[in-house]
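K.L.:
Need coordinates for the following:
(one chain, ligands or ions: 1)
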Amino acid sequence: MFRKIAVILVFSFGLGAEAQEPAGRLVVLRAGQLIDGTGGPPLRPAMVIVRNDRIESVGQQLPVPDGATLFDLGSATLLPGLIDLHTHLVGEVGVHWEEELLKTTPSQAAIHGVKNARDTLWAGFTTCRDMGPTWPFTDVDVRDAIEKGAVPGPRLQVAGNYVSATGGAGDAKQFSIYVEVPLVRNLADGVDEVRKAVRTNLKHGADFIKILATGAVLSKGISPGAQQYSDEELRVAVEEAGRWGRYVAAHAHGTAGINAALRAGVRTIDHGTMLDGDSIELLKSRHAYFVPTLLVGRTILEQGKSLGIPASEIERQRQLGDRAGNSFAQALKAELPIPFGTDAGVFPHGQNAREFSIRAQYGESPMKAIVSATRISAEAMGWAERVGAARSGMFADLVAVSGDPLKDITELERVKFVMKGGIVYRDELTRRAGGSNH
Ligand SMILES: [Zn+2]
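P.N.:
Residues are numbered from 1 along each chain as shown. As a prediction, the model looks like this:
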């Protein structure tokens, strides 16, 4: 019910503002405090002036310009829009990829992707990386539809398709050898095929390369702890992506695969379940990022069956124990800049912020957690000049919660105001004095 109202609000606001103000949209936000995403002390109280899709100025008391629309968020806390570096937006949650390939169509998956993107935006995540769909390149179409304003969703960097070895994680041809699925993930074995897979993905609209450096939990192939690509194959993927000015994100659980991917020069290690001392040193010396995904492991164990995950894959998760948590604790102790990721898509979209409280259990402070999901994630995806901080010149991607997330990080699970690119998508906070807003 509320969602319907909010959508109408967005579109009427957007159209109305443009029709009446040829000079552009001018919006002023007022809130109890602002946490700007850079780790500095909060601003109390706070005001933000937004012109068109950008933040124009930030301060405690700013003059309200003529013709501006004022959103008074009361005592709420404003933050930059949150960033999740590990999501799978396209496809229906709870449908295993084998079922998806055999019984659904790419358009079906994309339509669910639109709903998932909206749920993610509503939860305050205004930027995400999509780590790859089951139906190749459907995430490219969802990204483009969002960019064109056809549907609401986060800003996206998408993988388009996985680069995976035969029999490894991401090998979607795990059917009987007599069953041929016409369009599946890139299977690439050997340096020439890896190079071709990288080129194919970039040609068809991928923003970065997702490579499966080790086995996976949600797979029947080689085990999560095993390195699945050779050092040379990983190196070639990074080299080829580099020629296109793009980076590589490596799915990696086992230590050997993590360290091989880091030596090869990948930008992010996703999951990073079995980091060791060498991994920590490599992350530092190569300026790479470890993207932990702790919520997904727990979800697979606790709700795997109802989420349609086969028993053999739940067992793989059980065997990993709390390695993922130990890796996170190690990285925290080493004071690495740790971005934010979740693997949403394995569990329903819009629950991304539940990851924060799990990280808190390992000792991450609320301020560190917020910086993780804002500035550090923006840096990891190469978008530090666009998103992840509430300062002038950045995209006006701002969210608000009614309480103080520095006292209770679970406040971020209850986002009540979402602005992306200067457009308000969700607002349960504004005090409508005299009905002058909108
Ligand atoms: Zn994933």
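K.L.:
Please list all residues in contact with whichever residue of the stretch 51-200 of the chain sits closest to the ion.
P.N.:
Going by CB to the ion, the ion is nearest to residue 131 of the stretch 51-200 of the chain, at 4.7 Å. Where C-beta positions appear, they are placed from N, C-alpha and C, glycine not excepted. Contact analysis of residue 131 by CB atoms under 8 Å, 6 or more residues apart in numbering lists 86-88, 159, 210, 249, 251, 270, 343.
K.L.:
what's around the nearest residue to residue 225 once chain neighbours are set aside, how many residues?
P.N.:
Nearest non-adjacent residue to residue 225, counting by CB to CB, 6 or more residues apart in numbering: residue 254, 3.8 Å away. Per other CB atoms under 10 Å, the neighbour tally for residue 254 reads 23.
K.L.:
Touching, residue 254 and residue 226? I think so.
P.N.:
Yes - contact criterion CB atoms under 8 Å: residue 254 and residue 226 qualify, at 5.7 Å.
K.L.:
Need the overlap of contacts for the two.
P.N.:
214-215.
K.L.:
Residue 180 - how many residues pack around it?
P.N.:
Using other CB under 10 Å, residue 180 has 9 other residues around it.
K.L.:
which element is it on?
P.N.:
Using DSSP states H and E, residue 180 sits within no helix or strand.
K.L.:
low-confidence ranges in the stretch 1-150 of the chain?
P.N.:
1-23 (pLDDT under 70).
K.L.:
For it, which residues are neighbours of the ion?
P.N.:
Selection of the stretch 1-150 of the chain residues close to the ion by CB under 5 Å from the ion yields residue 131.
K.L.:
Is the residue nearest the centre of the chain bridged to anything, and to what?
P.N.:
Nearest to the geometric centre of the chain sits residue 84, at 2.5 Å (CA atoms, centre = their mean). Beta-bridge pairing of residue 84 under DSSP bridges involves residue 128.
K.L.:
what about it, distance to residue 106?
P.N.:
The gap separating residue 84 from residue 106 is 23 Å, by CB to CB, to the nearest Å.
K.L.:
Just among the contacts of residue 131, which is most surrounded?
P.N.:
When neighbours are counted by other CB under 10 Å, residue 251 leads these with 33 neighbours.
K.L.:
what pLDDT does that residue get?
P.N.:
Looking at residue 251, its pLDDT is 97.
K.L.:
just to revisit the earlier point, just the contacts of residue 131 now: which is nearest residue 309?
P.N.:
residue 343 (12.2 Å; CB to CB).
K.L.:
For that closest one, which non-adjacent residue is spatially closest?
P.N.:
Closest to residue 343 by CB to CB, 6+ apart is residue 296, at 3.7 Å.
K.L.:
Same check on residue 108?
P.N.:
Of all residues not flanking residue 108 in the chain, residue 92 sits nearest, at 7.4 Å (CB to CB, 6+ apart).
K.L.:
got it, and residue 155?
P.N.:
That would be residue 127: by CB to CB, 6+ apart, it lies 4.5 Å from residue 155.
K.L.:
ok so, going back, could you export the contacts of residue 131 as a markdown table, including secondary structure?
P.N.:
Formatted as a markdown table, those follow (DSSP: H, G, I helix; E, B strand; the rest coil):
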| residue | secondary structure |
| --- | --- |
| 86 | strand |
| 87 | strand |
| 88 | coil |
| 159 | coil |
| 210 | strand |
| 249 | strand |
| 251 | strand |
| 270 | strand |
| 343 | coil |
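K.L.:
can you put those residues in CSV and add distance to residue 370?
P.N.:
Supplementary listing: those in CSV, determined by distance: CB to CB, whole Å:
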residue, distance to residue 370
86, 18
87, 19
88, 24
159, 26
210, 26
249, 23
251, 26
270, 21
343, 20
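K.L.:
Taking the stretch 301-438 of the chain, what residue is nearest to the ion?
P.N.:
residue 343 (4.5 Å).
K.L.:
For that residue, what are phi and psi?
P.N.:
Note on residue 343: backbone dihedrals following degrees, to the nearest 10 are phi 70, psi 30.
K.L.:
same question, residue 110
P.N.:
phi -70, psi -40.
K.L.:
circling back: which member of the contacts of residue 131 is positioned nearest residue 167?
P.N.:
Out of the contacts of residue 131, the member with the shortest distance to residue 167 (by CB to CB) is residue 251, at 15.2 Å.
K.L.:
could you pull out the strands for the stretch 1-150 of the chain?
P.N.:
The residue ranges that make up the strands of the stretch 1-150 of the chain, judged by DSSP state E, counting those that start in this stretch, are 26-31, 33-34, 46-51, 54-59, 69-72, 77-80, 82-87, 125-130.
K.L.:
hang on, the earlier thing: the residue nearest to residue 108 contacts residue 109, correct?
P.N.:
Yes - the pair residue 92 and residue 109 qualifies as a contact (CB under 8 Å) at a distance of 7.1 Å.
K.L.:
which residues do those two both contact?
P.N.:
With CB under 8 Å, 6+ apart as the test, residue 92 and residue 109 both reach residue 100.
K.L.:
May I have the secondary structure class of residue 372?
P.N.:
With three-state DSSP as the basis, residue 372 sits in helix.
K.L.:
who's in contact with the residue nearest to it when sequence neighbours are not counted?
P.N.:
Excluding its sequence neighbours, the residue lying closest to residue 372 (CB to CB, 6+ apart) is residue 340, at 4.7 Å. Going by CB under 8 Å, 6+ apart, residue 340 touches 82-85, 291, 355, 369, 372-373, 376-377.
K.L.:
Then residue 266 would be within a strand, right?
P.N.:
No - going by three-state DSSP, the assignment for residue 266 is coil, not a strand.
K.L.:
got a list of what it touches?
P.N.:
Contact analysis of residue 266 by CB under 8 Å, 6+ apart lists 211, 213, 234, 238, 247-250, 288.
K.L.:
Out of the residues you listed, which comes closest to the ion?
P.N.:
Taking CB to the ion as the measure, residue 249 is the one of these closest to the ion, at 9.9 Å.
K.L.:
Quick check, residue 127 in contact with residue 153.
P.N.:
No - Residue 127 lies out of contact with residue 153 (CB under 8 Å); the separation is 10.2 Å.
K.L.:
ok, the residue of the stretch 51-200 of the chain closest to the ion to residue 232 distance?
P.N.:
24 Å.
K.L.:
same check, this time on residue 299
P.N.:
Separation of residue 299 from residue 232 (CB to CB): 35 Å.
K.L.:
higher neighbour count, the two?
P.N.:
residue 299 (21 against 13).
K.L.:
Can I take it that that one is in a helix?
P.N.:
Yes - Residue 299 forms part of a helix when assessed by three-state DSSP.
K.L.:
Thank you, goodbye.
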